[in-house]
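After the sequence you'll find the predicted model.
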Amino acid sequence: MTTAVATSTGTAAVTPRSNGPSGPAVWVRGVRREFAGRQVLAGVDLDIAAGEFVALLGRSGSGKSTLLRILAGLDTDATGKAIVPERGAVVFQDPRLLPWARVLDNVVLGLRARDARAQATAALAEVGLAGKERAWPATLSGGEAQRAALARALVRSPGLLLLDEPFGALDALTRIRMHSLLRDLCRRHRPAVLLVTHDVDEAILLADRVAVLTDGRLSLDEPVRLGDVRTRANPEFAALRARLLAELGVADDEAEQVDTEQQDGSGRGDIERVEGR
Ligand SMILES: Nc1ncnc2c1ncn2[C@@H]1O[C@H](COP(=O)(O)OP(=O)(O)OP(=O)(O)O)[C@@H](O)[C@H]1O
């Protein structure tokens, strides 16, 4: 998928993209989008290198999903310039599995390779769903359904994985498992990733870089320097977390409240399911 977003002068902007290993997977300059006269994106610049994992944070309504949809080619009314790789794949918060198709058929759908079913079976095994090939989507837990959505994305060997709050609807324990799965999958497949999330901890634990969208632009864009210790115990974790929360306009006492709610589950409603894995 190569997305060329129209420039402000109305001409398509196709900028040649380097296909070398160090070429960017995403190259965005001056992207703007308004809805009914309200400027949601007001000139976003963003680069994502091949194989790089970028998390995008921002207050509710700041335009994170809008930017992701533009990169996915799902919103073609923006202006500015955006170049993305040949193959992009999107995973949303809602797994969007077709209810009338079995899990394997959901993953196979649209694949043209002769061994598509074998590839889909392997992808399901990779996300921990071996044995669920013939299951109906309605019989899957929330975490399992999201694993199937990840398999459907990865089987297409995307150069760019666009993740829009993929774990937002999952309970805390399933979310931890999904973080670990996503880390493993990224290590093996090395796609560039743009992860839209509300969860500051998730962003720091998973990403190589974290960006914050404020008033239609990236107000902060910094590398995550946690080295090999990707845990909350790393002092760098707390320092970056504090910077990000400040950028998001969350005061320290409010952040503590969020921590407490996440630990006792009171901020997320019932913990319904834990995957059997
Ligand atoms: N198709 C649309 N028509 C009109 N307004 C829209 C449309 N899509 C998005 N918006 C508006 O654009 C703004 C940004 O929406 P967007 O979904 O990108 O924000 P977000 O940062 O992803 O929010 P959240 O974190 O709450 O999901 C919101 O005010 C939203 O109402």
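Yep, that arrived.

Low-confidence ranges, the stretch 51-200 of the chain, go.
Applying pLDDT under 70 to the stretch 51-200 of the chain flags the ranges 86.

Spell out which parts of it neighbour the ligand.
Within reach of the ligand by CB under 6 Å from any ligand atom, the stretch 51-200 of the chain has these residues: 58, 60-66, 198. From N, CA and C alone the C-beta is placed, and that goes for glycine too.

The stretch 1-150 of the chain: helices as residue ranges?
64-71, 103-108, 116-126, 142-154 (DSSP state H, counting those that start in this stretch).

could you dump these to CSV with distance to residue 37?
Formatted as CSV, those follow (distance: least, CB to CB, whole Å):
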stretch, distance to residue 37
helix 64-71, 15
helix 103-108, 39
helix 116-126, 44
helix 142-154, 35
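
now these as a markdown table including mean neighbour count?
Output for these, formatted as a markdown table (neighbours: other CB atoms under 10 Å):
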| stretch | mean neighbour count |
| --- | --- |
| helix 64-71 | 24 |
| helix 103-108 | 23 |
| helix 116-126 | 18 |
| helix 142-154 | 24 |
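
So which residue is dead centre in the chain?
In the chain, the residue lying closest to the centroid (CA atoms, centre = their mean) is residue 163, at 2.1 Å.

Would you mind measuring from residue 107 to residue 152?
5 Å (CB to CB, to the nearest Å).

Now the element after the strand or helix carrying the residue nearest to the centre of the chain, going C-ward?
For residue 163, the element it lies in under DSSP states H and E is strand 160-164. Later in the chain than strand 160-164, the nearest helix or strand by DSSP H and E is helix 172-189.

Would you state the strands of the protein in chain order?
Assigned by DSSP state E, the strands in the chain fall at 24-35, 38-49, 53-58, 79-83, 88-91, 160-164, 192-196, 209-214, 217-223.

any residue of the first one up close to the ligand?
Read it as strand 24-35. Yes - with CB under 6 Å from any ligand atom as the measure, strand 24-35 is seen reaching the ligand through residue 35.

hmm, who's touching that strand?
5, 8, 15, 17-18, 39-52, 63, 66-67, 70-71, 75, 77-85, 159-160, 191-192, 194, 216 (CB atoms under 8 Å, 6 or more residues apart in numbering).

hmm, try it at 7 Å
5, 15, 17, 39-50, 66, 70-71, 75, 77-85, 159-160, 192, 194 (CB atoms under 7 Å, 6 or more residues apart in numbering).

Now, of these, which are buried?
Buried by 16 or more other CB atoms under 10 Å: 5, 17, 40-41, 44, 46, 48-50, 66, 70-71, 75, 78-85, 159-160, 192, 194, out of these.
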